[in-house]
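1. everything below, folded, please.
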Amino acid sequence: MAVTEATPRTYGNFRKPRTSGLRGLSLGATMLLFAGLIAVVLTTLVSAYAALALGLVLVVATAPLAVRDRHGRTLMQRGAVRLAWWRSTSAGGHLYRSGPTGRTGFGSCRLPGLAAESVLTEAQDGYSRPFAMITIPSTGHHAVVISCDADGAALVDEQQVDTWVAHWGQWLSALGAEPGLVAASVSVESAPDSGVRLQQEIAANTAAGAPDLATEMLREVLAAYPAGSAQIATRITLTYSGAARPGSPRRSVEDMALHIGTRLPGLTAGLSMTGAGTAVPMTATELAEAVRVAYDPTVSTLVEEARAAGGTGLTWDQAGPMAAQESWDHYRHDGAYSVTWAMTEAPQGEVFSNVLTSLVQPNRDIARKRITLLYRPHSRAEGARVVQQDYKNALFNAQQSQIGQARDDAEVSAARRTTEEQAQGHGVIRFGMLITATVGSAADLPKAAAAVDNLAPAARIAVRPVYGSQAAAFAAALPLGLVLPLHTALPQTVRDVM
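-> Here you go, the predicted structure:
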């Protein structure tokens, strides 16, 4: 009988849509260049010196839109960030104070920044399970958080892992047809285990007349096990839009709670085949506790002890930090310091299913680490338009050079393969990644940065610190349902052509 060896399955073809401009320029830079060249030609009919001066002005105006760094950011984008940071610090927007002596009112500790106006309510889904719903009034979004107990890939057959990945891809693809859904995120947070849960478990299951040997062994386990161990939490956030539908007004909080509640049973059931383990919606208290610990990790042990004793009773007005201060390259919140990196380049070529394993696993140089994958699914119609436009742009860029280049040919082949997969029914989704490292003192920030710099290349991704927006990036990495592109001053369509 012939024995066939199964080859490891690989994944790839992560594409960032190509620009439709000339020689890699954006559409806005290309239009500015053509308009400037026409003006220069017309000016030569009047004066050659005036045309030369206009040409120099055109070069100066086009250079900030054409010169890019290794992360693909233009000089104009970097200058805009610097200007926004200067305006924010001049107005004191980088400082936050709450509590009895703060400015939030009524002595509360509300969340800072983009989530300051958020409101937390609780409802029940179709299975009568309570779930928390976060409302962001500025964008009209409503988010629900699902807590997962991931199985992990240790001692699991490769075939089972491939099955999990396939079902996860189907689950993400189905989000494009989810009514009203605008974004989703997956947050994997690793933190030191305090040992409180183990202590409560041992205390609850220890018999009164247990042998001395067994009691001594459990005592040694309780003393030695928490040292060096980690606690990993996985949360999936789904963000829905409450925008008005044709013929009806904007949906209220109650309407969105009913809509999300009817969708949750099917969504959580679909996660059972993805390796996510038991998936249940988080309650209002659980979500407030998770956010409170993220802003002040020093209270994690107190929160676990209070939870074991009957509950913390934390509300949304108590989930924020007492004080926070944003710097250019890091964020200080209560007694901790955090740095957030953003992914600028997805894995190139083909990768295996464990490409992010080293990045997600706990690291001894980082006290708390949060890896957040951000998803924004396209609908079927939008996905078809995006892949077709990307294919046309790839063909246009390849035809600009008289001598064909291997890179351009590979781009055309990849774009064509994407259009074929989309035509076969596969979903199209935009994705990004945020990496947040939290340490206890400013002296530990260089070690955390060095650890991320070593982990990112192993995961085949390129990252950069979110300079000037550390507070917003920290909040976006939390399970709050924030969609950063919708909170910027310029609309997404304007920024795409610049």
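2. for the one helix or strand residue 36 maps to, C-alpha coordinates in CSV please.
-> Under the criterion of DSSP states H and E, residue 36 resides in helix 27-43. Presented in CSV, the C-alpha positions along helix 27-43 are these (Å, rounded to 0.1, in the frame of the first residue of the first chain):
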residue,chain,number,x,y,z
LEU,A,27,-3.5,59.7,-7.6
GLY,A,28,-3.4,63.1,-6.0
ALA,A,29,0.4,63.5,-6.6
THR,A,30,0.0,62.4,-10.2
MET,A,31,-2.8,64.9,-10.9
LEU,A,32,-0.7,67.7,-9.2
LEU,A,33,2.3,66.7,-11.4
PHE,A,34,0.3,66.7,-14.6
ALA,A,35,-1.4,70.0,-13.8
GLY,A,36,2.0,71.6,-12.9
LEU,A,37,3.7,70.3,-16.1
ILE,A,38,0.9,71.8,-18.2
ALA,A,39,1.3,75.1,-16.3
VAL,A,40,5.0,75.1,-16.9
VAL,A,41,4.6,74.4,-20.7
LEU,A,42,2.1,77.3,-21.0
THR,A,43,4.4,79.6,-18.9
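3. show me what that helix is packed up against.
-> helix 48-66 (3 or more C-beta pairs under 8 Å, 6 or more residues apart in numbering; DSSP states H and E). In this view, the C-beta of every residue, glycine as well, is placed from N, C-alpha and C.
4. angle of the helix it packs on against helix 27-43?
-> Helix 48-66 runs at 180 degrees relative to helix 27-43, counting by axes from the mean of the first three to the mean of the last three C-alpha atoms, to 10 degrees.
5. quick check: buried residues in helix 48-66?
-> 51, 54-55, 58, 62, 65-66 (16 or more other C-beta atoms under 10 Å).
6. what does stretch 314-334 give?
-> Neighbour counts over stretch 314-334 (16+ other C-beta under 10 Å) mark 314, 316-324, 326-327, 330-334 as buried.
7. for it, measure first residue to last.
-> From its first residue to its last, stretch 314-334 covers 17 Å (C-alpha to C-alpha, to the nearest Å).
8. output the buried residues of helix 48-66 as CSV; include the columns distance to residue 188 and pLDDT.
-> Shown next, in CSV, are the buried residues of helix 48-66 (distance: C-beta to C-beta, whole Å; pLDDT from 0 to 100):
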residue, distance to residue 188, pLDDT
51, 58, 88
54, 54, 89
55, 53, 87
58, 48, 86
62, 42, 84
65, 37, 80
66, 38, 80
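9. which among the residues you listed gets closest to residue 192?
-> Comparing the buried residues of helix 48-66 against residue 192 with C-beta to C-beta places residue 65 closest, at 46.2 Å.
10. doesn't residue 73 make contact with that closest one?
-> No: in this structure residue 65 lies outside contact range of residue 73 using C-beta atoms under 8 Å: 11.4 Å.
11. got any ranges where the stretch 51-200 of the chain has weak pLDDT?
-> By pLDDT under 70, the stretch 51-200 of the chain has no low-scoring segment.
12. where does pLDDT dip in the stretch 301-450 of the chain?
-> Scanning the stretch 301-450 of the chain for pLDDT under 70 picks out 400-406.
13. how about the strands in it?
-> Here the stretch 301-450 of the chain has its strands, by DSSP state E, counting those that start in this stretch, at 323-326, 331-333, 336-345, 368-377, 429-439.
14. which one of those strands lies closest to residue 200?
-> If you check each of the strands of the stretch 301-450 of the chain against residue 200 by C-beta to C-beta, strand 368-377 wins as the nearest, at 21.8 Å.
15. what's the spacing between residue 11 and residue 168?
-> Here the criterion is C-beta to C-beta, to the nearest Å. By it, residue 11 lies 11 Å from residue 168.
16. and those two? Which one has more around it.
-> Neighbours per residue (other C-beta atoms under 10 Å) separate residue 11 from residue 168, with residue 168 holding more: 18 against 14.
17. ok, for residue 185, nearest residue in space, not its chain neighbours?
-> Leaving aside its chain neighbours, residue 185 sits nearest to residue 237 (4.6 Å; criterion: C-beta to C-beta, 6 or more residues apart in numbering).
18. ok, now residue 416?
-> Closest residue in space to residue 416, ignoring its immediate chain neighbours: residue 391 at 6.1 Å, by C-beta to C-beta, 6+ apart.
19. what's the helix or strand for residue 277?
-> Going by DSSP H and E, residue 277 is not in any helix or strand.
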